[in-house]
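Chemist: fold the following for me, if possible:
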Amino acid sequence: MENKLTRHLYSIPYFLWMLLFVVAPIVLVVYYSLFDIEGNFSFVNYQKFFTPVYLQMTLSSFWYAFLITAISLLVAYPTALLLTKTKHKQLWLLLIIVPSWINLLLKAYAFLGIFGTYGAANSFLKIIGIGSKQILFTDFSFVFVSVYIFIPFMILPIFNALNELNPTLLDAASDLGASRWVTFRRVIFPLTLDGVKSGCQVVFIPALSLFMLTRLIAGNRVITLGTSIEQHFLVTQDWGMGSTIAVFLIIAMVLIMILTNTRKRGV
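Modeler: Here you go, the predicted model:
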């Protein structure tokens, strides 16, 4: 009885945190979405969201988020697999994670210099004879920088899943005559699928709501849901429409979390 009471007391800060910083903001967003730009109660914002302009923006956001996640996964999985086979794997993992500690704005400004007209990227292109190209303010630069920023968050859960893999299972597959590709496809990848799901979740959700990189790196050539929310709140002052987009973004994020849920039944 005393232990039960103690658990309830310890859970109070958690529930207060959830109420103040999760539930209350969501309720406020839903509340503001029910008012038009003039402050009148209306569902016009929800009607406007289902117009071609906003639906196209939603599809564009999902496409770029999928592209960033897919490229990150293609690079992260072999990297994580290689790390598990190195001698000082924890040190190499730390070196990969360290750049994620640097402020996102600082990294964005660094790439402004690297991809600029007189930056390191164009200097390299001139040396190899290709010549100067417009790299900055393109879809390529946006996706490249986004992948660079998110890739440590994809590597970490995959590395943990691979590192916990029982090596005797690989030996058993080899004894049964399985090739390396068959072993990877039938043993390694299925057993590390939870790590892949966690990595995709951690990358896809923030990639869906990117807004700062779309302005600094893509030059507003890429318009996402996050960019639209920023514009409605800070430029047009249409808080209702911005909140409506945020509501659909929250719904999309919840659905993604449900689809990529890695919790095992019975645990």
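Chemist: for Thr260, phi and psi?
Modeler: Taking degrees, to the nearest 10, you get phi -100, psi 20 for the backbone angles of Thr260.
Chemist: and if you look at Tyr148?
Modeler: Dihedral angles (degrees, to the nearest 10) for Tyr148: phi -60, psi -40.
Chemist: next SSE downstream of the host helix or strand of Leu94?
Modeler: Element membership for Leu94 (DSSP states H and E) is helix 89-97. Going down the chain from helix 89-97, the next helix or strand is helix 104-114, by DSSP H and E.
Chemist: which helices and strands does that next one pack with?
Modeler: Contacts defined by 3 or more C-beta pairs under 8 Å, 6 or more residues apart in numbering; DSSP states H and E place helix 104-114 against helix 120-127, helix 139-163, helix 212-216. Any C-beta I mention is one placed from the backbone N, CA and C, and that applies to glycine too.
Chemist: quick one: which of those is nearest Met257?
Modeler: Smallest distance to Met257 across the helices and strands packed on helix 104-114 (C-beta to C-beta): 14.2 Å, for helix 139-163.
Chemist: that closest one vs helix 104-114, what angle?
Modeler: Here helix 139-163 runs at an angle of 130 degrees relative to helix 104-114 (axes from the mean of the first three to the mean of the last three C-alpha atoms, to 10 degrees).
Chemist: could you list the buried residues of the lengthiest helix in the chain?
Modeler: Scanning the chain for the longest helix, with DSSP state H as the assignment, gives helix 52-83. Neighbour-count burial for helix 52-83, counted by 16 or more other C-beta atoms under 10 Å, picks out 54, 57-58, 61-62, 64-65, 67-69, 71-73, 76-77, 79-80, 83.
Chemist: what does stretch 145-153 give?
Modeler: Residues of stretch 145-153 classed as buried: 145-147, 149-153 (neighbour count, 16+ other C-beta under 10 Å).
Chemist: also stretch 241-253?
Modeler: By 16+ other C-beta under 10 Å, the buried positions in stretch 241-253 come out as 241-249, 252-253.
Chemist: same question for stretch 38-52.
Modeler: For stretch 38-52, by 16+ other C-beta under 10 Å, it's 44-45, 48-49.
Chemist: now those residues in TSV, with secondary structure, pLDDT and distance to Ile96?
Modeler: Shown next, in TSV, are those (DSSP: H, G, I helix; E, B strand; the rest coil; pLDDT from 0 to 100; distance: C-beta to C-beta, whole Å):
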residue	secondary structure	pLDDT	distance to Ile96
Val44	helix	94	47
Asn45	helix	94	42
Lys48	helix	94	43
Phe49	helix	94	39
